[in-house]
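**Student:** Quick check, what structure comes out for this input:
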Amino acid sequence: MSWIEKTTKKRIKELDEYPELNSHDFEEKGNKMMKDIKFYVIVILLAALVLALWYQWNHPEIDIFPFHFPILV
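**Tutor:** Okay, the predicted model is just below:
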């Protein structure tokens, strides 16, 4: 028996044991979770940027950014 047949039989057995893996609901849950993760990552990055800009503006003696924003100078 070749490795392709073994892998195929193993995959079919997994799908029989867990039918939710082959459903559209499972795919939709995964897509929703990825959208949520992307949203939270963007929110965290924006919050870090806002905090860094605030710190740069309130403490000009410490340069966080090697360049100067025209609005902060």
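
**Student:** Now Met64. Its backbone dihedrals?
**Tutor:** Just so we're on the same page, residue 64 is Ile rather than Met. The phi/psi pair for Ile64 (degrees, to the nearest 10) reads phi -80, psi -40.

**Student:** Near it, how many other residues are there?
**Tutor:** Neighbour count for Ile64, taken as other Cβ atoms under 10 Å: 10. All C-beta atoms are positioned from the backbone trio N, CA, C, and that covers glycine.

**Student:** That one contacts Ala52, doesn't it?
**Tutor:** Yes. The pair Ile64 and Ala52 passes the contact test of Cβ atoms under 8 Å, sitting 5.3 Å apart.

**Student:** Show me what the mean pLDDT comes to for stretch 47-66.
**Tutor:** Summarised as a single mean, pLDDT over stretch 47-66 is 84.

**Student:** Tell me which residues of that stretch come out buried.
**Tutor:** Judged by neighbour count (16 or more other Cβ atoms under 10 Å), stretch 47-66 contains these buried residues: Gln56.

**Student:** Return that stretch as CSV; C-alpha atoms alone will do.
**Tutor:** The C-alpha coordinates for stretch 47-66 follow below in CSV (Å, rounded to 0.1, in the frame of the first residue of the first chain):
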residue,chain,number,x,y,z
ALA,A,47,-2.6,51.9,20.0
ALA,A,48,1.1,51.3,20.2
LEU,A,49,1.7,54.0,17.5
VAL,A,50,-0.5,56.5,19.3
LEU,A,51,1.3,55.8,22.6
ALA,A,52,4.7,56.2,20.9
LEU,A,53,3.6,59.5,19.3
TRP,A,54,2.3,60.7,22.6
TYR,A,55,5.5,59.8,24.4
GLN,A,56,7.6,61.4,21.7
TRP,A,57,5.5,64.6,22.0
ASN,A,58,5.7,64.8,25.8
HIS,A,59,9.3,63.8,26.1
PRO,A,60,11.2,65.4,23.2
GLU,A,61,14.6,64.7,25.0
ILE,A,62,14.2,60.9,24.1
ASP,A,63,13.9,60.2,20.4
ILE,A,64,11.7,57.2,19.7
PHE,A,65,11.6,57.9,16.0
PRO,A,66,14.8,58.6,14.2
